[in-house]
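Q: Below are the sequence and a predicted model for it; my questions follow.
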Amino acid sequence: MKEEGVARKIGFSFHDKADLLKEVLEEYGDMFDIVQLELNYLDWEDPAIEAHKFYDLCVEHDLDVYVMEPLKRGVIVNPNDEIKKDFKEFNGEKSIASFAIRFCASLEHVKIVLSGMSNMADMLDNCDTYENFEPLSKEESEFLDKMAQKLADNLAVPCSECGYCVDACPEMIPIPEYFNLYNTSKNQPESNIYRLYFNKLCDEKVPADECTYCGTCLDYCTQKIDIPEELEKVVEHFQEGSAHTVKKPSFLIL
Ligand code: SF4
Ligand code: SF4
């Protein structure tokens, strides 16, 4: 396609372990120009995700990197109040999203950062970040390392909401939606609203307790989460005082 002038650059997106990326690049690295990776400062040193290793492998093979999930599907920009306060005290003029985008865009081989924008304010903030782009300083990098650690400590389930598990689940449980509610609820324990959202989600879609523990989703999870085990915790978390009645697996009823 490049020879025919149809494509200028060819690449692929990757969601697996660094060992497999290494194998792919050793075998086929010469054919490619780009690898699209999930990169953000929360996953950077996470041993379960290996984002830093992915990036280093691309550098080793002189490939460009296009970034997906710089905000980890909103996890980074929706932290608890303590983390929000830390950012405000560090630099109240810049948004949390702008730090996350600059983290990615400061990496030399990163050429594009795909940031999801859901409204005009996000768009203007992103434009401002790039128009006045400055690579992260050492002080800022160290600050983000600390925030990543704090976020990781507070995150109940490190779900990136990619949705691959939902397509794989025979019961069609909206897994990331449950994990998102769980994470948000854990971050704001004083609020009861998430229990209502949980009940609503159970009523409108497939209830979280309909998991049959078949394990199909495990092979699809990009974050290597033990989904059935975590779903059980989600149900337990919201169960107390919930109007939703948790169903028992049928073999137990029999
Ligand atoms: S283990 Fe549960 S969540 Fe995973 S695919 Fe099976 S039913 Fe769905
Ligand atoms: S595959 Fe894993 S990371 Fe992706 S939505 Fe499902 S639980 Fe979350």
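A: Received the coordinates, thanks. Ligands and ions are numbered 1, 2, ... in the order given.

Q: contacts and neighbour counts: CA atoms only from here.
A: Fine.

Q: Return the residues in contact with Gly29.
A: Neighbour list for Gly29: His61 [criterion: C-alpha atoms under 8 Å, 6 or more residues apart in numbering].

Q: give me every residue that touches Pro135.
A: Arg102, Phe103, Ala105, Ser106.

Q: Give me the nearest residue to the last one, chain neighbours excluded.
A: Spatially, and ignoring its direct neighbours in sequence, Ser106 is nearest to Pro135 (4.8 Å; C-alpha to C-alpha, 6 or more residues apart in numbering).

Q: sec struct for that neighbour, please.
A: coil (DSSP: H, G, I helix; E, B strand; the rest coil).

Q: From Phe99, how far out is it?
A: 10 Å (C-alpha to C-alpha, to the nearest Å).

Q: Residues that sit against both of these two, list them.
A: In contact with both Pro135 and Phe99: no residue, using C-alpha under 8 Å, 6+ apart.

Q: Can you list phi and psi of the residue most central in space within the chain for me?
A: Residue closest to the average C-alpha location in the chain (C-alpha atoms, centre = their mean): Ser160, at 2.6 Å. Reported as degrees, to the nearest 10, the phi and psi values for Ser160 are phi -100, psi 0.

Q: Identify, from the contacts of Pro135, the entry nearest to ligand 2.
A: Nearest to ligand 2 among the contacts of Pro135, counting by C-alpha to the nearest ligand atom, is Phe103 at 21.2 Å.

Q: quick one, what contacts that closest one?
A: Phe103 neighbours (C-alpha under 8 Å, 6+ apart): Asn40, Tyr41, Pro135, Leu136, Ser141.

Q: and if we set it to 7 Å?
A: Phe103 is in contact with Tyr41, Leu136, counting by C-alpha atoms under 7 Å, 6 or more residues apart in numbering.

Q: which bits of this structure sit near ligand 2?
A: Proximity of the chain to ligand 2 (C-alpha under 6 Å from any ligand atom) is limited to residues 159-165, 176, 220-223, 225.

Q: In helices, which of these fall?
A: Taking DSSP state H, the ones among those that sit in helices are Tyr164, Cys165, Pro176.

Q: Going by neighbour count, which of those residues comes out on top?
A: Cys165 (22 neighbours; other C-alpha atoms under 10 Å).

Q: gap between that residue and ligand 1?
A: 7 Å (C-alpha to the nearest ligand atom, to the nearest Å).

Q: Could you do Glu69 as well?
A: 23 Å.

Q: excluding its backbone neighbours, what's nearest that residue?
A: Nearest non-adjacent residue to Glu69 (C-alpha to C-alpha, 6+ apart): Glu38, at 5.4 Å.

Q: Which positions in stretch 119-134 come out as buried?
A: Asp122, Asp125, Asn126, Thr129 (16 or more other C-alpha atoms under 10 Å).

Q: swap in stretch 69-79?
A: Neighbour-count burial for stretch 69-79 [16+ other C-alpha under 10 Å]: Glu69, Pro70, Leu71, Lys72, Arg73, Val75, Ile76, Val77, Asn78, Pro79.
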